[in-house]
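Peer 1: Need coordinates for the below:
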Amino acid sequence: MKHKVTKAVFPVAGMGTRFLPATKSVPKEIMTLVDRPLIQYAIDEARAAGITEFIFVTSRGKSALEDYFDHAPELEASLRAKGKTALLDTLQATNMDSGAIAYVRQHQALGLGHAVWCARHLIGDEPFAVLLPDDVIAAEKPCLQQMVEAYSETGGSMVAAMEVAPEKASAYGVLDVHPAIRSVLPVRGMVEKPAPGTAPSNLAVIGRYILSPDVMRHLDTIDPGAGGEIQLTDAIAAQISQTNNVYGYRFDGQRFDCGSKAGFLQATVAFGLARPDLRDELGDYLTDMVALRQAAE
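Peer 2: This is a model prediction of the structure:
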C-alpha cells in the first residue's frame, strides 16, 4: 500500500570540518550559496514535493540553524516601515509555520543511518523523505518532486542516483541494477563505498531518498558498516533482500557537492549565472578571468 509522503528528515548534525574555520561558529547548513543558505534550497525542494512536516536531526552548536527558520518581528517591521516589500516577501518565505518543524538531537556521530534512526519516533509508520543539504540540485522540476511522482507508481523505497566515473565510485553508495536506459530502475543490491574495482555499477546514490518505514526497523538491528558507522545504505540493502521493492531514480538535473569547497564554488558560479540580476556582470567577470588565465599560459 502506498501513502502520500508528507514528512522529511534533514540530517544536519555534522561538524562541517571541511569548511573550517568558517564552521567554527556558523553551521555549514546556513553557509550562503548566492543569497540563500544551503538549508533553504533543501527546504524549498521539499515544499515543492508536498512535504509539510520537517524534522531536523541536529547536534550542539546548531542554534543559528534553528533561529534561521524562526520569525524576525523587528526586522520584518523595519522592512515594512521602509516600504521594502520585495525583501519582506523574501524574508517571510523563510518562515516555518508553528508545529511544522521539529528538532531531535544526535548525541554521537555514528553515521547517516544513525542520524535518520534518531527521528524514528516522529516518523512512526509512514513513508518519509531524507534530504542531505550538502547535495544541491539544479533542476527545472525539483529532484524530490520528480521522485515523489515516480514513487506514486512504485511504492517501496527510492533513492536518487547519478552516474559517476568508475574511479570515483568508491566514494559513494553504489547500486546493483539491471543495465537499462530509463528513470526508474529496480535495485538488486547496494554497496557502501566499495573497494576500487569492485563496484557493481557506476550508478551512485546521492542525498535524496524516499524510504519505507521498514528501513527504520532495519536500522534498529544492523551492525556498524563502512567506517564503523551505521550506514543508511545497509538498512536499505536489508529491505532489498526482504521485499525486492527498492528503486533507483535517475533524476533530471545537475547535482553539486556543496560538502566540498570545489563543489560549493562550482555551485556558486552556476547558480549565479542562472540569476537574471547577476548573469551579465558575473559572466563578464568569468570571461575576463579565463582570458587572463589563457594569456598567462
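Peer 1: I'd like to check what contacts stretch 15-35. Which residues are they?
Peer 2: 12, 14, 37-39, 41, 59, 61-62, 64-65, 68, 109, 133-134, 136, 258-261, 264, 267-268, 271-272, 275, 278 (Cβ atoms under 8 Å, 6 or more residues apart in numbering). C-beta: built from backbone N, CA, C; applies to glycine.
Peer 1: for that stretch, which positions count as buried?
Peer 2: For stretch 15-35, the neighbour count (16 or more other Cβ atoms under 10 Å) marks 16, 19, 23, 26-31, 33 as buried.
Peer 1: so where do the helices sit in the stretch 101-250 of the chain?
Peer 2: Under the criterion DSSP state H, counting those that start in this stretch, helices of the stretch 101-250 of the chain are mapped to 112-117, 120-123, 143-154, 214-221, 232-243.
Peer 1: Out of the buried residues of stretch 15-35, the closest to residue 126 would be?
Peer 2: residue 29 (24.4 Å; Cβ to Cβ).
Peer 1: Doesn't that closest one belong to a helix?
Peer 2: Yes: according to DSSP: H, G, I helix; E, B strand; the rest coil, residue 29 belongs to a helix.
Peer 1: can you tell me the helix or strand for the nearest residue to it once chain neighbours are set aside?
Peer 2: Closest residue to residue 29 apart from its sequence neighbours, by Cβ to Cβ, 6 or more residues apart in numbering: residue 39 at 4.2 Å. Assigned by DSSP states H and E, residue 39 belongs to helix 38-48.
Peer 1: what sits up against the helix or strand of the chain with the lowest mean pLDDT?
Peer 2: Between all helices and strands in the chain, the lowest mean by mean pLDDT, DSSP states H and E belongs to helix 63-68, at a mean of 81. Residues from elsewhere that reach helix 63-68 (Cβ under 8 Å, 6+ apart): 12, 26-27, 29-30, 37, 39, 56, 58, 94, 103.
Peer 1: With pLDDT and distance to residue 231 added, can I get these in a markdown table?
Peer 2: Shown next, in a markdown table, are these (pLDDT from 0 to 100; distance: Cβ to Cβ, whole Å):
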| residue | pLDDT | distance to residue 231 |
| --- | --- | --- |
| 12 | 90 | 18 |
| 26 | 85 | 28 |
| 27 | 86 | 24 |
| 29 | 90 | 21 |
| 30 | 89 | 27 |
| 37 | 92 | 27 |
| 39 | 93 | 23 |
| 56 | 93 | 21 |
| 58 | 89 | 20 |
| 94 | 80 | 33 |
| 103 | 90 | 23 |
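Peer 1: Looking at the residues you listed, spot the one nearest residue 86.
Peer 2: The closest of those, once distances to residue 86 are taken by Cβ to Cβ, is residue 94, at 14.1 Å.
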